[in-house]
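Undergrad: Need coordinates for the below:
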Amino acid sequence: MADRVASTRCLRIAAAGDVHCSEQRREEVAQAVQAINGVADVVLFCGDLTTHGEPEQGAVLADACAPLDVPVFAVLGNHDWHADRRDELVAVLGEGGVQVLDRSWSVCEAGGLQLGVVGIKGFVGGFSGSHLPDFGEPLLREVYRETSVEVEALEQGLRAIELCPARIAMLHYAPTAETIAGEPEGIAAFLGSDRLAAPIAQHEPDLVLHGHAHAGTFQGAIGGVPVYNVSVHVMGRDFWLFELDVSTPVHAPIH
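TA: Numbers count the residues shown, from 1 in each chain. Sure thing, here's the model as predicted:
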């Protein structure tokens, strides 16, 4: 028989969104990534990895991340879809060790811990007072359905990783109005949707990260779950280093 004893470890997470890589920014991006090498246990990019979604722009980030010896995850943003070359872009990023999560999830070891990461792009739809309804023209209802698929993928992913000691959800679009505060109210419906909040409130991951809202607010919450807008334009720095204290049960023999 053994007693279960709580062991607390610190997971160091480097996160950024809206890096908008291009060939002109190659040296700048390489220097920013190199600065977190050896500092973070995992690196997360929350969408808009490129300027226009060209694979050549993705190669700038892939080349910068290739020397890292920690897990690197990313989700795509609206800029990354612009050229409609999604598969080529994902392949190029993969060559640099960047794993793109697109309505999917992954479990890895980071900082000696089992970390579960769910990644979705998210989508539009608005927040209280600006909701896009499931009504009217087929094209508008198609937008609503697209957000529904993202919500379902987030819920399924969070359910799949719920036994991991550390759990993170990554999005590009905002799941709460709190982190878009500062943006013009007229574009709120295009910055995210609080429909994305339901799976987060239900499964309560340790941390939720997103980008997209360049003039938004850094910190918010969904219930007791912290949500951060890690757009570099909001943070005013290349990466934010989060330190997540994780308690894990370990078995100790009875003497």
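Undergrad: hmm, who's touching the helix or strand harbouring residue 227?
TA: Element membership for residue 227 (DSSP states H and E) is strand 225-229. Identification of contacts with strand 225-229 by CB atoms under 8 Å, 6 or more residues apart in numbering yields 15, 17, 174-176, 178-180, 200-201, 204-213, 216-221, 240, 242. Any C-beta I mention is one placed from the backbone N, CA and C, and that applies to glycine too.
Undergrad: Now do the end-to-end distance for stretch 203-215.
TA: With CA to CA, to the nearest Å as the measure, stretch 203-215 spans 28 Å from end to end.
Undergrad: tell me which residues in stretch 120-133 are buried?
TA: 120, 121, 122, 123, 124, 125, 126, 127, 130, 132 (16 or more other CB atoms under 10 Å).
Undergrad: Now tell me which of those residues the prediction trusts least.
TA: Among the buried residues of stretch 120-133, residue 130 carries the lowest pLDDT, at 84.
Undergrad: which regions of the stretch 151-255 of the chain lie under the pLDDT threshold?
TA: Residues of the stretch 151-255 of the chain meeting the criterion pLDDT under 70: 248-255.
Undergrad: Drop anything exposed from the contacts of strand 225-229.
TA: Buried subset of those (neighbour count, 16+ other CB under 10 Å): 15, 17, 174-176, 178-180, 200, 205-213, 216-217, 220, 240, 242.
Undergrad: Please enumerate the helices of the protein.
TA: Taking DSSP state H as the criterion, the chain carries its helices at 26-34, 55-65, 78-81, 86-95, 138-160, 197-203, 232-235.
Undergrad: which outside residues touch the fifth one?
TA: Spelled out, that is helix 138-160. With contact meaning CB under 8 Å, 6+ apart, helix 138-160 is reached by 103-105, 116, 118-125, 132-135, 167, 169, 171, 193, 195-196, 198-200, 202-203, 205.
Undergrad: go on, the fourth one?
TA: When contacts are defined by CB under 8 Å, 6+ apart, helix 86-95 is touched by residues 49-50, 53-55, 58-59, 61-62, 66, 74, 76, 80, 83, 100, 102.
Undergrad: on that earlier part again, can you tell me which of the contacts of strand 225-229 end up in strands?
TA: Under the assignment DSSP state E, the contacts of strand 225-229 contribute 15, 207, 208, 209, 210, 219, 220, 221, 240, 242 to strands.
Undergrad: JSON lines for those residues, including distance to residue 140?
TA: Formatted as JSON lines, the ones in strands among the contacts of strand 225-229 follow (distance: CB to CB, whole Å):
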{"residue": "15", "distance to residue 140": "33"}
{"residue": "207", "distance to residue 140": "33"}
{"residue": "208", "distance to residue 140": "27"}
{"residue": "209", "distance to residue 140": "29"}
{"residue": "210", "distance to residue 140": "24"}
{"residue": "219", "distance to residue 140": "32"}
{"residue": "220", "distance to residue 140": "27"}
{"residue": "221", "distance to residue 140": "30"}
{"residue": "240", "distance to residue 140": "36"}
{"residue": "242", "distance to residue 140": "37"}
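Undergrad: which of those residues lies closest to residue 37?
TA: Among the ones in strands among the contacts of strand 225-229, residue 15 lies closest to residue 37 (CB to CB), at 15.1 Å.
Undergrad: For that closest one, give me its contacts.
TA: Residue 15 neighbours (CB under 8 Å, 6+ apart): 43, 44, 45, 46, 209, 228, 230, 239, 240, 242.
Undergrad: mind running it again at 10 Å?
TA: 36, 40, 42-46, 73, 168, 170, 207, 209-211, 228, 230, 235, 239-242 (CB atoms under 10 Å, 6 or more residues apart in numbering).
Undergrad: Next one: it relative to residue 148, how far apart?
TA: 27 Å (CB to CB, to the nearest Å).
Undergrad: With residue 239 instead?
TA: Distance from residue 239 to residue 148, by CB to CB: 32 Å.
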